[in-house]
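**Student:** this one's structure only:
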């Protein structure tokens, strides 16, 4: 059985960088955007659309009470969201079967739960997240701290809703992870080195 490390992360916490560095330290395959590309290829949908679907909780066209009484067929938006999720699950399982790997986001900790992954959650204090977001994307310099904070919290809220919709678990809850890492004072590089020894 291959070794699998899954990483859930708050936006701006450095979780993606930590995952990449951890994969390098361990000599594991690293998957992040490759998952989106695979889903787009299998569904003939654009990567941008797939990313948008994966970053939001599926939304029904109608409230359940109205939808069930007026909408006789399936809900096309919800059906498409589920189809994308199913492709995502297939791709994650294939990646985990092919080699030792580090997988970032995409409910990988839940989808691969039967494979016994080492499950990480990466978080940081808001000031650290604001700084990282400004460093990674120069266009964020134009935003006030309040605007950028709202953007960060909005991404986290969408990730939480998506995760909770498909897993029935609370996103970021320490009980769902083997290790929770605060990158506020210890950066992704140092954290990756320490976690590599642990893994």
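**Tutor:** Received it, and whenever you're ready, just let me know what you need. All values reported here derive from a predicted model rather than from experimental measurement.
**Student:** residue ranges with poor pLDDT in the protein?
**Tutor:** Counting by pLDDT under 70, the low-confidence segments of the chain come to 53-75.
**Student:** All the strands of it, in order from the start?
**Tutor:** With strands called from DSSP state E, the chain shows them at 4-9, 29-31, 101-104, 118-123, 179-182.
**Student:** ok, how many other residues are close to residue 33?
**Tutor:** Close neighbours of residue 33, defined as other CB atoms under 10 Å, add up to 11. C-beta coordinates here come from the backbone N, C-alpha and C atoms, glycine included.
**Student:** same check, this time on residue 84
**Tutor:** Counted with other CB under 10 Å, the neighbours of residue 84 add up to 21.
**Student:** how close does it get to residue 91?
**Tutor:** Using CB to CB, to the nearest Å, one obtains 11 Å as the distance from residue 84 to residue 91.
**Student:** list the residues that contact both of these two?
**Tutor:** Counting by CB atoms under 8 Å, 6 or more residues apart in numbering, the contacts common to residue 84 and residue 91 are residue 39.
**Student:** one step back: between the strands of the chain, which gets nearest to residue 155?
**Tutor:** Minimum separation from residue 155 across those (CB to CB) falls at strand 4-9, 10.5 Å.
**Student:** quick one: that closest one to strand 118-123, angle?
**Tutor:** Using axes from the mean of the first three to the mean of the last three CA atoms, to 10 degrees, one finds that strand 4-9 and strand 118-123 are set 20 degrees apart in direction.
**Student:** heads up, I number from 23, so please use that
**Tutor:** Sure, I'll start counting at 23 from here, so that last one is strand 26-31.
**Student:** What helices and strands are in contact with strand 26-31?
**Tutor:** Packed against strand 26-31 by the contact rule (3 or more CB pairs under 8 Å, 6 or more residues apart in numbering; DSSP states H and E) you find helix 37-48, strand 123-126, helix 130-133, strand 140-145.
**Student:** which residues touch it?
**Tutor:** Outside strand 26-31, the residues that touch it by CB under 8 Å, 6+ apart are 37-38, 40-41, 44-45, 48, 50, 118, 122-127, 130-131, 134, 137-145, 185, 193-194, 198-199, 221.
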